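Asks: what shape does this take:
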Amino acid sequence: MSEVALDGLKGFFASFQYVTLIGGQLLALLVVVLLQQVLEDAELRAWGWRIPFALGAVLAVVALWLRRQLDETSKHETRALKEAGSLKGLWRNRKAFLMVLGFTAAGSLCFYTFTTYMQKYLVNTAGMHANVASGIMTVALCVFMLVQPLFGALSDKIGRRTSMLCFGALATLFTVPILSALQNVTSPYVAFALVMCALLIVSFYTSISGILKAEMFPAQVRALGVGLSYAVANALFGGSAEYVALSLKSFGMENSFFWYVTAMAVLAFLVSLMLHRKGKGLRL
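Replies: The predicted structure follows:
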């Protein structure tokens, strides 16, 4: 999408990457909500929890088949380059790799904190009923998904650097206040408003995640540069968000997690300062 989108609309079209990602989370949450409605709690704990995994296994096979049907979309001239897709070529672009690693670590951590982990946070910390928390997150994820193209289009106007600076600055300022307020929230409506504030901040990152990284690498190492940096940062920071949060909570240090997320947001802001200004040094 990043390579074939029209100039001036690349952010808009690339934002649909996270539309599909959030849509997947939304579908998964809807499955959970449905199971909560049709199964007793004991049934859900005994065997019902296996149903989403079974559905996921079937969908994984379908996704693999679809992926095998796709044609390579990279530019034809890059395939013949000697360093195309090589670690040597990636080393020549190590600054871009480290920058992508930095803001992907922060972005993924914030994303998974306020999506995947948030439902458990509302139940375990705020003390909400699981059905109420699921309802809040279902609506929140739906809105979150729908605003991605809007934030992507905004980045086409103000530039990717400005969007990332907004993400880093706002996440730094508001992560602790939002998570602290959610600790004692009692109204589902207030909880929804707080979660949406966080997700709108995260949207400055998620809507441009794909296009921003693609623009930082030349075509011959784009797939490797984007894929490897994303995989490493996402696994270490995004994928571990829930584990770190619950571990700190078990040690009576839950608030430390808030500051951990904030520290990573500061990193994203600092890395974003090194990004090219709008229209300068872009690879696409």
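
Asks: what is the neighbour count of Asp41?
Replies: When neighbours are counted by other C-beta atoms under 10 Å, Asp41 registers 10. Where C-beta positions appear, they are placed from N, C-alpha and C, glycine not excepted.

Asks: show me what the helix or strand where Asn255 lies is packed against.
Replies: In this assignment (DSSP states H and E), Asn255 forms part of helix 254-272. Counting contacts by 3 or more C-beta pairs under 8 Å, 6 or more residues apart in numbering; DSSP states H and E, helix 254-272 is packed against helix 94-114, helix 160-183, helix 241-250.

Asks: I'd like the next helix or strand past the one helix or strand in the chain whose mean pLDDT sits lowest.
Replies: Counting by mean pLDDT, DSSP states H and E, the chain has its least confident helix or strand at helix 76-79, which shows a mean of 50. Going down the chain from helix 76-79, the next helix or strand is helix 87-91, by DSSP H and E.

Asks: pLDDT on that next one, on average?
Replies: Average pLDDT, helix 87-91: 80.

Asks: and that helix, what does it pack against?
Replies: Counting by 3+ C-beta pairs under 8 Å, 6+ apart, helix 87-91 packs on helix 219-233.

Asks: show me which positions of the longest helix along the chain end up buried.
Replies: The helix that spans the most residues within the chain, counting by DSSP state H, is helix 130-158. Buried residues in helix 130-158, defined by neighbour count with 16 or more other C-beta atoms under 10 Å: 130, 133-137, 140-141, 144-145, 147-149, 151-156.

Asks: same for that helix, what does it pack against?
Replies: helix 10-14, helix 16-38, helix 116-124, helix 160-183, helix 188-206.

Asks: which residues touch the third one?
Replies: Contact with helix 116-124 is made by 25, 29, 128-130, 132-134, 136-137, 140, 179, 182, 191, 195, 241-242, 245-246, 249, as judged by C-beta atoms under 8 Å, 6 or more residues apart in numbering.

Asks: what angle do the helix holding Asn255 and helix 241-250 make?
Replies: Interaxial angle, helix 254-272 versus helix 241-250 (axes from the mean of the first three to the mean of the last three C-alpha atoms, to 10 degrees): 140 degrees.

Asks: helix 254-272 to helix 94-114, inter-axis angle?
Replies: Going by the same axes, to 10 degrees, helix 254-272 makes 150 degrees with helix 94-114.

Asks: any idea of the mean pLDDT in helix 254-272?
Replies: For helix 254-272, the per-residue pLDDT averages 96.

Asks: same check, this time on stretch 232-239
Replies: Here the average pLDDT along stretch 232-239 is 92.

Asks: quick check: buried residues in that stretch?
Replies: Buried-residue list, stretch 232-239, by 16+ other C-beta under 10 Å: 233-234, 237-238.

Asks: how long is it from one end to the other?
Replies: This stretch, stretch 232-239, spans 10 Å end to end (C-alpha to C-alpha, to the nearest Å).

Asks: which other residues reach it?
Replies: With C-beta under 8 Å, 6+ apart, stretch 232-239 has contacts from 100-102, 104-106, 108-109, 111-112, 264.

Asks: low-confidence ranges in the stretch 151-284 of the chain?
Replies: 278-284 (pLDDT under 70).

Asks: swap the cut-off to 50 and go again
Replies: Low-confidence segments of the stretch 151-284 of the chain, defined by pLDDT under 50, span residues 281, 284.

Asks: tabulate the helices and strands packed on helix 130-158 in JSON lines, adding columns for mean neighbour count.
Replies: Below are those laid out as JSON lines (neighbours: other C-beta atoms under 10 Å):
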{"stretch": "helix 10-14", "mean neighbour count": "25"}
{"stretch": "helix 16-38", "mean neighbour count": "16"}
{"stretch": "helix 116-124", "mean neighbour count": "20"}
{"stretch": "helix 160-183", "mean neighbour count": "20"}
{"stretch": "helix 188-206", "mean neighbour count": "20"}
